[in-house]
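Undergrad: turn this into a structure:
(2 chains)
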There are 2 protein chains.
Amino acid sequence: MRGVVMHGPGDVRVQDRENPRIIEPTDAIIKVAAACVCGSDLWPYRGVDEFHDQPMGHEYVGVVEQIGDQVEDITIGDFVVGSFFASDNTCEICRAGYQSRCVHAELVGGTQAQRARIPLADGTLVATPGMPDADLIPSLLTASDVLGTGWFAAVAAEAGPGKTVAVVGDGAVGLLGVLAARQLGAERIVIFSRHADRQKLATEFGATDLIIERGDEGVAKLKELNGGLGAHSVIEAVGTQESMMQAIRATRPGGHVGYVGVSHDVRLPGEELFFSGVHLHGGPAPVRRFLPELIRLIWDREINPGRVFDLELPLEEAAQGYKAMDERRAIKTLLRP
Amino acid sequence: MRGVVMHGPGDVRVQDRENPRIIEPTDAIIKVAAACVCGSDLWPYRGVDEFHDQPMGHEYVGVVEQIGDQVEDITIGDFVVGSFFASDNTCEICRAGYQSRCVHAELVGGTQAQRARIPLADGTLVATPGMPDADLIPSLLTASDVLGTGWFAAVAAEAGPGKTVAVVGDGAVGLLGVLAARQLGAERIVIFSRHADRQKLATEFGATDLIIERGDEGVAKLKELNGGLGAHSVIEAVGTQESMMQAIRATRPGGHVGYVGVSHDVRLPGEELFFSGVHLHGGPAPVRRFLPELIRLIWDREINPGRVFDLELPLEEAAQGYKAMDERRAIKTLLRP
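TA: A predicted model of the protein is given here:
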């Protein structure tokens, strides 16, 4: 089969890879209907993380082709959405809603390909009510990571009625954090963004205010909107020192930061954090917790998160998709195997 | 009047100080019935923080002697308990329960003395139902800081029924964190302690398990108690890099760290925090939030937090009280003006 492999920074190639096969009796093999490039794939693409000869991709939707002997709930022919972390969904940590930290958690990889092996299929995959209409596929694909992650960030930030929510990061996750905050009933949603295309999409997803300033200047602008207090809830979707400090400083005492940007070279100063009085919660999103609800919202066409894909390419042109995202010409690239 | 002044590291003297007077119309002057030495007073005593000619003390109970023109709820003759942060208790932040970060917050200082000025008296002070019996005074005094702080830590850590709570730090705050966790219904309470006197008091306050190991070794021992998962709730009551990392590592994914040790030279590594998946909340405790409930529990003799005082001295001998705590001969020193 064909699949995307990163050979080193900036060097993404589509090549022949071995077809995946059932290894554990709890595995499933899916035929990928759509995959995509994640903002986090840009870290190794830019050389910040080291990847060599690494099959890429951890977001996926598709049809189940094979199942292992112990798979009971998922059946061949199901159209499924899964998280980038495989989970048994039965352990104590899963039952508490932290499937990304399941005691048997395993990263799903290599989904930018024609087929993929999904471990712990019963715990990881959720079948849609039937075969989806073609136009629902991009939205279902977002549920696999960026929507699930933005949603978790909004939940971790305790976005809800009466709250002012601020969003640091205008990538796909930040934008879908806006959508999640709106869906969760937030009163006011402020996004920090200086890119016209992203501002437009943020507004469509429910942002009520835009701030183009960043860092402490951005925080000052935000505080002008709410009597100097800061937001109740702040979504952090970048993962740098600057974005984390901006998020913490934008939050009022007693408020909540939900941070989902994969942390890179961050050192949080204890004293400032201590006196900030904020709640901090985040990490790799337990997407599986939210999948049934997100699939329902998409199926019923209550939300249209697939709008974050502004570039769609055949799998063979994946390298172009990485390049466009790296150069910020695209928010998110969908790949059709 | 007489009061404690720190002239520099290790140099604590009781000396004549001017009587406090009403400065703002919202002030009250109290005659201090009892004050005490805080664990945080040891930071400057040990030269970690720089204090010069600084009147000391921020914990207090006493009788109101004078009030400003705008004081309405507190009356002369009331026996009162207050927080170390003065707060108006009416602003949006106070109403959300974060009085230590009130928009008009002000540190109360110099209470290791015969009298003290308390700003924002109506918002800061809570009167007891009447004049307390003498044996209740130490417990009421703990409500002013160490009990309120340990309680906040337990609430921030979401201690409650069915939960395993671990406590890092066996000073007065950690010990009262044990008491709070017990009172909040925690199922199992583990304290990290290697001091026999503190272990004994922890057990009296409700600890079910003791661990003498520290750091990663302590974390490993804790995980042996709960199937390798870590505690649901961890109270951090020290404020160092080591204690913060121990607290984070002792918490299961999705669990809660309540940290109240005043942070010193702490830099939290973003990546480890991210992948830990814990909730982090803490800071200077909004003691005022809990005062009515804590006073009631003490008044009804349901809790006896005053047991943390294992040294009682006349104010004039305050220096001995600091020394005993510094040398760990005493957990906490009560001073009688």
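Undergrad: tell me the SS of residue A:7?
TA: strand (DSSP: H, G, I helix; E, B strand; the rest coil).
Undergrad: any idea how far residue A:113 is from it?
TA: Separation of residue A:7 from residue A:113 (Cβ to Cβ, to the nearest Å): 15 Å. Yep, even glycine has a C-beta here, placed from its N, CA and C like the rest.
Undergrad: neighbour count winner among these two?
TA: For residue A:7 versus residue A:113, neighbours defined as other Cβ atoms under 10 Å in any protein chain shown are more numerous around residue A:113 (26 against 13).
Undergrad: how many residues are close by the residue lying closest to the more buried one once chain neighbours are set aside?
TA: Nearest non-adjacent residue to residue A:113, counting by Cβ to Cβ, 6 or more residues apart in numbering or on different chains: residue A:3, 3.1 Å away. Per other Cβ under 10 Å, the neighbour tally for residue A:3 reads 27.
Undergrad: how does chain A divide into domains?
TA: Domain ranges of chain A: A:2-145+A:286-336, A:148-282, per automatic domain parsing.
Undergrad: most tightly packed of the ones you listed?
TA: domain A:148-282 (a mean of 23; mean count of other Cβ atoms under 10 Å in any protein chain shown).
Undergrad: chain center to that domain, what's the gap?
TA: In terms of Cα atoms, centre = their mean, to the nearest Å, the centre of domain A:148-282 is found 15 Å from the chain centre.
Undergrad: and stretch A:307-322, by the same measure?
TA: Computed by Cα atoms, centre = their mean, the chain-centroid distance of stretch A:307-322 equals 17 Å.
Undergrad: quick check: end-to-end length of it?
TA: 18 Å (Cα to Cα, to the nearest Å).
Undergrad: just stretch A:209-220 next, same as before
TA: Taking Cα to Cα as the measure, stretch A:209-220 stretches 14 Å from start to finish.
Undergrad: circling back: can I get the domains of chain A in CSV with distance to residue B:231?
TA: Shown next, in CSV, are those (distance: least, Cβ to Cβ, whole Å):
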stretch, distance to residue B:231
domain A:2-145+A:286-336, 13
domain A:148-282, 16
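Undergrad: got CSV for these, with distance to residue B:186 and mean pLDDT too?
TA: Listed next are these as CSV, based on distance: least, Cβ to Cβ, whole Å; pLDDT from 0 to 100:
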stretch, distance to residue B:186, mean pLDDT
domain A:2-145+A:286-336, 16, 97
domain A:148-282, 20, 97
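Undergrad: residue A:55 is in contact with the residue nearest to residue A:113, correct?
TA: Yes: counting by Cβ atoms under 8 Å, residue A:55 is a contact partner of residue A:3 at 5.7 Å.
Undergrad: could you name every residue contacting both of these two?
TA: Residues touching both residue A:3 and residue A:55 (Cβ atoms under 8 Å, 6 or more residues apart in numbering or on different chains): A:17, A:110, A:112, A:113.
Undergrad: next, give me the two most distant ones among the residues you listed.
TA: A:17 and A:112 (10.2 Å; Cβ to Cβ).
Undergrad: what do these two both touch?
TA: Common neighbours of residue A:17 and residue A:112 (criterion: Cβ under 8 Å, 6+ apart): A:3, A:55.
Undergrad: helices or strands up against the helix or strand harbouring residue A:3?
TA: Assigned by DSSP states H and E, residue A:3 falls within strand A:2-8. In terms of contacts (3 or more Cβ pairs under 8 Å, 6 or more residues apart in numbering or on different chains; DSSP states H and E), strand A:2-8 is packed against strand A:11-16, strand A:54-55.
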